[in-house]
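>>> The sequence and its predicted three-dimensional model are supplied below.
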Amino acid sequence: MEFRIKSSAGLRGTISVPGDKSISHRAVMLGSLAEGETYIENFLTGADCLATMSCFRLLGVEFDGPNEKGDLVVHGNGPLALREPEQVLNAANSGTTMRLLLGILSGLPFFSVLTGDASLRSRPMSRVTVPLSLMGARIWGRHEGKLAPLAVQGGNCTGIKYSLPVASAQVKSAILLAGLLASGETEVTEPFQSRDHTERMLKLFGAELTVDGKAIRIRGKQKLKGQRVVVTGDISSAAFFLAAGASVPGSDLTIKDVGVNPTRCGILEVMEQMGADITVFNRREVSCEPVADIRVKYSKLKGATIGGELIPRLIDEVPVLAVLGTVAEGEILVKDAAELKVKESNRIAVLAGELRKLNAAVEELPDGLAIQGGRPLKAAVCESHGDHRIAMAMAIAGLLAQGQTIVKNTECVDVSFPGFFKTLCSLG
């Protein structure tokens, strides 16, 4: 599938974006571990979250839904009701599914095998398997347990103290979920705070955990109770429209019900630093997560430096921030972001290559990118590389280029934002 797009005279309107992918994954996982029914509203029906549901079905969990509105019921019976799967668990393209599920499977007393698509099978898993092995799980895989498929013999795990070498919400969450099922106390310390959806949702489901600066502690063998979870709009999906609204002359967009968790709001901070005209209003809290409406209007943008502790709070938004850099005055410098190399694609190399096709001045760095703004973009044929965020970022770049841009192999967008192109086209 391909998408064709031309420059726009301005995007105007009010939209909503799909439910947050990170929160949707965790709602299914904790609902499956909890006792009693969990009612989820605005569940993201993208391919990644459906892969999580599929894995838990094979573990014996029953679901009602999701329907077209994203209503989903998880029939939880506690972790002891989960059963050894008769088939291989397939996480498809979802790194969140594989890494967090590895944590859960490490705490369950049976054997299981996890795999994924070709992209996921090439992504590093040792950052998860090493601490889980220290807790007592036995894990085998390709390249000495570094790559999937991975076989897990769980059970008999004990809590550990572990310092993450790199801030990662997925690794932190895998250890915390294993710790929930383990004996004793588990402590995870991270160098910078990463997204904290797991910690918030564990508390929502009744778990006791302590956050002390960059250290999180959880006591094992706690019971969770089913809850009502309202999934906020995904700020990572909203980011593409925030960027479009800020960079396309004549634009004025409002995005409703967006999650504004402080550990995910790096995109707002950087865009404001660049001079974007952004208003966050109607703030409230839903299911332990902050939510708000966001209005963005066109404005002239300037360069910025993005690095350090900001990176974990906007790692998924770097592709569209790179696009913004092409129209900003001055330089956008992204550093400390080597993690981008092991996403659905090597996003550093891919972004540099695709933006150069559009006549952008981009330098590829070992841990990021340097983009010189102000050079007119020219239409080109771009490739998604099977990466949903690259596909959407190139579509936004097409709005800023002279002529008609084609983005090829865009079906991957359904991983996180089914209906993205329809929403974009509805704005003019």
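Yes, it's here. Numbering: from 1, shown residues only.

>>> and the lowest-mean-pLDDT helix or strand in the chain, which residues are buried?
Each helix and strand of the chain was given a mean pLDDT (mean pLDDT, DSSP states H and E); the minimum falls on helix 142-145 at a mean of 93. When neighbours are counted by 16 or more other Cβ atoms under 10 Å, the buried residues of helix 142-145 are found to be Gly145. The C-beta positions use only the backbone N, C-alpha and C, and glycine is treated the same way.

>>> Packing partners of that helix?
The criterion is 3 or more Cβ pairs under 8 Å, 6 or more residues apart in numbering; DSSP states H and E, and the helices and strands that helix 142-145 contacts are helix 126-134.

>>> quick one: contacts of the helix it packs on?
For helix 126-134, the external contacting residues (Cβ atoms under 8 Å, 6 or more residues apart in numbering) are 99, 102-103, 106, 139, 141, 144-146, 150, 157, 160, 162, 165-166, 168, 170-171, 174-175, 178.

>>> Going by neighbour count, which residues in it are buried?
When neighbours are counted by 16+ other Cβ under 10 Å, the buried residues of helix 126-134 are found to be Arg127, Val128, Thr129, Pro131, Leu132.

>>> next one: stretch 300-319
Applying a neighbour-count criterion of 16+ other Cβ under 10 Å, one finds 301, 303-304, 306, 310-319 buried in stretch 300-319.

>>> and what of stretch 188-207?
The neighbour-count check on stretch 188-207 (16+ other Cβ under 10 Å) flags 188, 190, 192-202, 204-205, 207 as buried.

>>> Farthest-apart pair in these, please.
Longest distance between any two of the buried residues of stretch 188-207 is 25.8 Å, between Phe192 and Phe205; criterion Cβ to Cβ.

>>> who's in contact with the residue nearest in space to the middle of the chain?
When Cα atoms, centre = their mean is applied to the chain, the residue found nearest the centroid is Ser22 (5.4 Å). The contact partners of Ser22, by Cβ under 8 Å, 6+ apart, come to Thr96, Ala169, Arg195, His197, Asp234.

>>> Ile216 now?
Listed by Cβ under 8 Å, 6+ apart, the contact partners of Ile216 are Lys172, Leu176, Glu187, Val188, Thr189, Glu199, Leu209, Thr210.

>>> Just checking: what are the partner strands of the strand or helix carrying it?
Under the criterion DSSP states H and E, the helix or strand holding Ile216 is strand 215-219. Sheet neighbours of strand 215-219, with direction, are listed as strand 185-189 (antiparallel), strand 209-212 (antiparallel) (DSSP bridges).

>>> For my notes, please list these in CSV and give mean pLDDT and distance to Ile40 for each entry.
Putting the strands paired with strand 215-219 into CSV (pLDDT from 0 to 100; distance: least, Cβ to Cβ, whole Å) gives the following:
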stretch, mean pLDDT, distance to Ile40
strand 185-189, 98, 26
strand 209-212, 95, 21
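
>>> returning to what we had before: which one of the buried residues of helix 126-134 is nearest to Val350?
Closest approach between the buried residues of helix 126-134 and Val350, by Cβ to Cβ: Arg127, at 21.6 Å.

>>> Tell me what Leu333 is bridged to.
Applying DSSP bridges to Leu333 yields these beta-bridge partners: Thr305, Ala370.

>>> Please renumber the chain so that the first residue is 859 from this point on.
Noted, 859 is the first residue going forward, which turns the last one into Leu1191.

>>> show me what contacts it?
For Leu1191, the set of contacting residues under the criterion of Cβ under 8 Å, 6+ apart consists of Gly1161, Ala1162, Thr1163, Ile1164, Gly1165, Gly1226, Leu1227, Ala1228, Ile1229.
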